[in-house]
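Colleague: Kindly generate the corresponding structure for this input.
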Amino acid sequence: MAQGKVLLKVWVLLWITSLAAAHLHYVRSHFTHLRNEDTARQRTVRGREEYDPTCWILDGKVRGDKVRGNCTVPVQCPAHVNKREGEKTTVCVLASGSVGVCCASGFNHTAVPRKKSNTNNPLARNLVQEVLSRAQQEVEHLFQHQKYLLESGQLNVLELGTPSFSHLKSVRQFANMGLDLLNQALQETVATRILRDIAREGLVDKELGLELVENGDQMFPCPENPDCPESKYRSLDGTCNNPTHPLRGAAQSPMHRLLLPNYADGTWSLRVSVIDQQPLPSARLITNTVFTERNVPHSSINILFMQFGQFIVHDISLSPSITHSNGSGISCCTPNGSDMLSEDLKHFACIPIAIPSNDQFFKQFAQRCLNLVRTMLAPRPDCSMGYAVQMNAVSHFLDGSTIYGLTPDANLDLRTSIGGRLRVFHDFGRDLLPLTQDKETCISSEQGSACFLAGDSRVDQTVTLVAVHTLFMREHNRLAEELAILNSHWSDETLFEETRAIVIAELQHIFYTEWLPLLIGEHALDDFDLRDSDVRSVYEPTVSPSTTNEFSTSAFRYGHSTVEGTLRIRKNKVLDEVIKIPDLMFNPSKMRLKDFFDNLLQMMTTQPMQNVDSSFTDALTKFLFRAGNPFGADLVSINIQRGRDHGLRSYNDYRELVGLHRARTFRDFEDIMPPQAISRLEDVYSSPDDVDLYVGGLLEHHSPDAIVGPTFLSIIADQFSRLKKGDRFFYSHKGEPHSFTSEQLHELKKATMARIICDNSDKIQLKVQSPNAFLTSDQSGNDPLSCNHPSIRRMKLKFWKE
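Modeller: Below is the predicted model:
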């Protein structure tokens, strides 16, 4: 073939057509019930340094042959649920002593081998062009239709002041990304669906999927890798963290997956029932049937724990909703909420939630429709056809993006450009977050009302979230001022970046050593190698740090169950005010009251959060973002529907992934759920394989010394294992040009949330603080102490002097 002539290469992707029709083949036995002949030959574990993770898997193809693997936790080896019929899982002993699986596939959860086809096949080349042309036409039609609806005023734009508009503010992307990313992602997804339809018609191999190469250029434009100059500081948006894969974990990149998605059409349509292929039950019906509104405070963990968790997840995850081309919100319900929009008026991204006619709350207001719009899609990183992948609009790393922003412009808007400090709003002699100029941010336009600006646009969701943002803004400025005295020759940029690195390290240390152990327990820290150690950690560039869909869309939303709907503010130990959470959503003006910040911090550290269970405050299920309306949205129903939007598989699939029995009947859930919860599931679902991950995960009994059940625990621990091992700049890593010295790391490990509060409160009402800031002060050994007490250690910056 002459040089320069276009060469088309067609690859067969075995997984594309298997998504809709085939279920995964699963192991029949519970891991704890399996025996492994090699277990007896494992050495006694006396420490991780002595532990050898090597294990051997019998190869079923050749009798007696073995494949070398590593012993790992089940959730990090999805290959064990892809066994052929008759194959068995080889179990092993982890360094912690827990049961693991022998794994040869590593962290690449959704990778499936690709088989090449004849690249010179004219039929294949013609088919490629036909599929691409049809996909482009269909996507153009979608955008033309929504443009017509927008320009003709067809009432499918969200109105200011509605609960849905406030919800949009919580999931709006940071920057106007335009339509280019969504357009390409839709073309990839639509092309895949068209190809699948052709395959069903028998015109091509039913397992045909396509990845096209034209003289090295992919079928769809691949994102260009950024330039990655050597730097001792991490980027704002997560790019260049991995020099080999500079876009891995970056803002606007796709989420990762633990298991292949379950879309009804294999590409993007919502999951359906396995019984009759009909739509799954209404998410609102499930909320009303399965969940309750009981008040069950936790016995020892406080509201600050809940709020810090939200602060962290905002740092690593944002699933922006698709909007109109002009950035306005999409309405999928009639203006009065009495029905869903007809198909001819509905935007292609609409997935509204039907409200049952007998809904005891919403029927008072004639509401039959909860608005919800699909998450923004991202182009596939390998530039190929395939199922829809959702975008994470923020950096996937735990890197303080909530404090510092994601783009140079956003970052500069937050800085003074003097002394490395962040901008503040001086109010009554106190430093608050700067006020935002965005008129749509606050729900109140009354004189004296205030909404604030931070690195994350969701800062004003609740006043307690504003409080945590304020603490870390002040901590940055406190450290910057100390470093400026220590190194007077440092420029503003050096002061800012050095301070930023310290604050991120403090944030990571507090999270991994104080917060995470309370969530997943000591056993999981050992199983996932997350325990703080004198032995410094090492960066593992082959580990993907990307936020997983299952974590962001389901497991870490466990926290909504812990929300306390009523805040009891005390002043001088006397109850001063009772505040309902809905009254403070996008209305944090109380932060301007002189005593309020200290009193709020005292409340957050002394009032318990709600238990993780099947109950939710009505602040989230009836009055979410209600503004001045008599009703709001329902966050629990949104969570369920969002899981379907993202193609999350059923709870039963993830049970088996983490090492539990696969349920054949609802009663098989009894190993981990109370009988009454199972009965409620039977009332609303047709099959155990229909149960949504979010629903099933919340109903599980808690794992020993944890506050969540085993399914959510494994998904969450896996995520933070990735964020530690796969982050080149993680604070405890050694051997990198930017690594902290041993002396600096020793000081950083003195960081505690109690010290953050002591150093950055107003000190008007708050004079003492419990050493463990995430536990209520009535816990043994957690009595409030003076901030000068040696139990609340101080970090010394002398090792940063140059």
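Colleague: tell me the domain boundaries of the protein?
Modeller: Split into domains by automatic domain parsing, the chain comes to 13-116, 401-557+712-800.
Colleague: the strands in the stretch 601-750 of the chain, which residues?
Modeller: Using DSSP state E, counting those that start in this stretch, the strands of the stretch 601-750 of the chain run over 608-610.
Colleague: Equivalent analysis for the stretch 51-200 of the chain, please.
Modeller: In the stretch 51-200 of the chain, the strands defined using DSSP E, counting those that start in this stretch lie at 54-58, 66-72, 91-93, 99-103, 114-116.
Colleague: of those strands, which approaches Pro261 most closely?
Modeller: Among those, strand 114-116 comes nearest to Pro261, with 18.0 Å by CB to CB. The C-beta positions use only the backbone N, C-alpha and C, and glycine is treated the same way.
Colleague: Can you list the low-confidence ranges for the stretch 151-300 of the chain?
Modeller: Across the stretch 151-300 of the chain, the ranges flagged by pLDDT under 70 are 154-155, 160-161, 164-178, 200-219.
Colleague: would you list every one of the helices in it?
Modeller: 163-170, 180-200, 283-290 (DSSP state H, counting those that start in this stretch).
Colleague: between the ones you listed, which gets nearest to Val459?
Modeller: For Val459, the closest of those is helix 163-170, at 10.7 Å, according to CB to CB.
Colleague: So, low pLDDT: which residues of this structure?
Modeller: 1-49, 59-64, 84-86, 106-125, 154-155, 160-161, 164-178, 200-219, 443-448.
Colleague: how about the spatially most central residue of the chain, what does it touch?
Modeller: Computing the C-alpha centroid of the chain and ranking residues by CA atoms, centre = their mean puts Ser552 first, at 2.4 Å. The contact partners of Ser552, taken as CB atoms under 8 Å, 6 or more residues apart in numbering, are Met255, Val313, Ile316, Ser317, Ser319, Asn392.
Colleague: cutoff 7 Å now
Modeller: Met255, Ser317, Ser319 (CB atoms under 7 Å, 6 or more residues apart in numbering).
Colleague: just checking, the first one touches Pro545?
Modeller: Translated: Met255. No: using CB atoms under 7 Å, Met255 is not in contact with Pro545, being 11.6 Å away.
Colleague: if we can go back for a sec, got a PyMOL select line for the buried ones in the contacts of Ser552?
Modeller: For the buried members of the contacts of Ser552, the matching PyMOL selection, counting by 16 or more other CB atoms under 10 Å, is:
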select buried, resi 255+317+319
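Colleague: Please list the members of the contacts of Ser552 that lie in strands.
Modeller: Members of the contacts of Ser552 lying in strands (criterion: DSSP state E): none.
Colleague: Would you convert the contacts of Ser552 into a markdown table that also reports distance to Asn772?
Modeller: As requested, the contacts of Ser552 are arranged in a markdown table below (distance: CB to CB, whole Å):
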| residue | distance to Asn772 |
| --- | --- |
| Met255 | 33 |
| Ser317 | 26 |
| Ser319 | 32 |
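Colleague: what residues are up against Arg271?
Modeller: Arg271 sits next to Asn262, Tyr263, Ala264, Leu280, Arg644, Gly647 when contact means CB under 7 Å, 6+ apart.
Colleague: Nearest spatial neighbour of it, chain-adjacent residues omitted?
Modeller: With sequence-adjacent residues excluded and distances taken as CB to CB, 6 or more residues apart in numbering, Arg271 is closest to Asn262, at 4.8 Å.
Colleague: Make sure that neighbour is actually in contact with Gly647.
Modeller: Yes: under the criterion of CB under 7 Å, Asn262 makes contact with Gly647 at 5.8 Å.
Colleague: ok, these two, which is more surrounded?
Modeller: Applying other CB atoms under 10 Å to Asn262 and Gly647 shows that Gly647 carries more neighbours, namely 26 against 22.
Colleague: where's the more buried one relative to Pro221, distance?
Modeller: The gap separating Gly647 from Pro221 is 24 Å, by CB to CB, to the nearest Å.
Colleague: ditto for Asn295
Modeller: Where Pro221 is concerned, Asn295 sits at a distance of 53 Å (CB to CB).
Colleague: Span of stretch 785-802 from start to end?
Modeller: Stretch 785-802 has its terminal residues 35 Å apart, counting by CA to CA, to the nearest Å.
Colleague: Kindly report the same for stretch 781-801.
Modeller: This stretch, stretch 781-801, spans 36 Å end to end (CA to CA).
Colleague: did I read that right, the residue nearest to the centre of the chain in a helix?
Modeller: Yes: applying DSSP: H, G, I helix; E, B strand; the rest coil, one finds Ser552 inside a helix.
Colleague: on that earlier part again, out of the contacts of Arg271, who's nearest Thr89?
Modeller: Minimum distance to Thr89 across the contacts of Arg271 is 22.1 Å, recorded for Asn262 (CB to CB).
Colleague: which residues sit in contact with the closest one?
Modeller: Contacts were defined as CB under 7 Å, 6+ apart; by that measure Asn262 touches Arg271, Gly647, Arg649.
Colleague: do the same with Ile569
Modeller: Applying CB under 7 Å, 6+ apart, one finds that Ile569 lies in contact with Asp576, Glu577, Ile579, Asn599, Leu600, Met603.
Colleague: ok, 8 Å please
Modeller: Counted by CB under 8 Å, 6+ apart, Ile569 has contacts Leu575, Asp576, Glu577, Val578, Ile579, Phe596, Asn599, Leu600, Met603.
Colleague: unless I'm mixing things up, His523 is touching Leu94, no?
Modeller: No: at 10.4 Å, His523 does not count as touching Leu94 under the criterion of CB atoms under 8 Å.
Colleague: Which of these two has more residues huddled nearby?
Modeller: Higher neighbour count among His523 and Leu94: Leu94, with 20 against 16, using other CB under 10 Å.
Colleague: which residues does that one contact?
Modeller: Cys71, Thr72, Val73, Gly100, Asp526, Asp527.
Colleague: Who's the closest spatial neighbour of it, skipping the chain neighbours?
Modeller: Nearest one to Leu94, counting by CB to CB, 6+ apart, is Gly100 at 4.3 Å.
Colleague: State the distance from that neighbour to Leu519.
Modeller: Noted for Gly100: a distance of 21 Å to Leu519, by CB to CB.
Colleague: got it, and Val128?
Modeller: Where Leu519 is concerned, Val128 sits at a distance of 48 Å (CB to CB).
Colleague: Could you check which of those two has the larger neighbour count?
Modeller: Neighbour count, other CB under 10 Å: between Val128 and Leu519, Leu519 has more, with 24 against 20.
Colleague: My read is that that one contacts Gly709, right?
Modeller: No: counting by CB under 8 Å, Leu519 stays clear of Gly709, with 11.8 Å between them.
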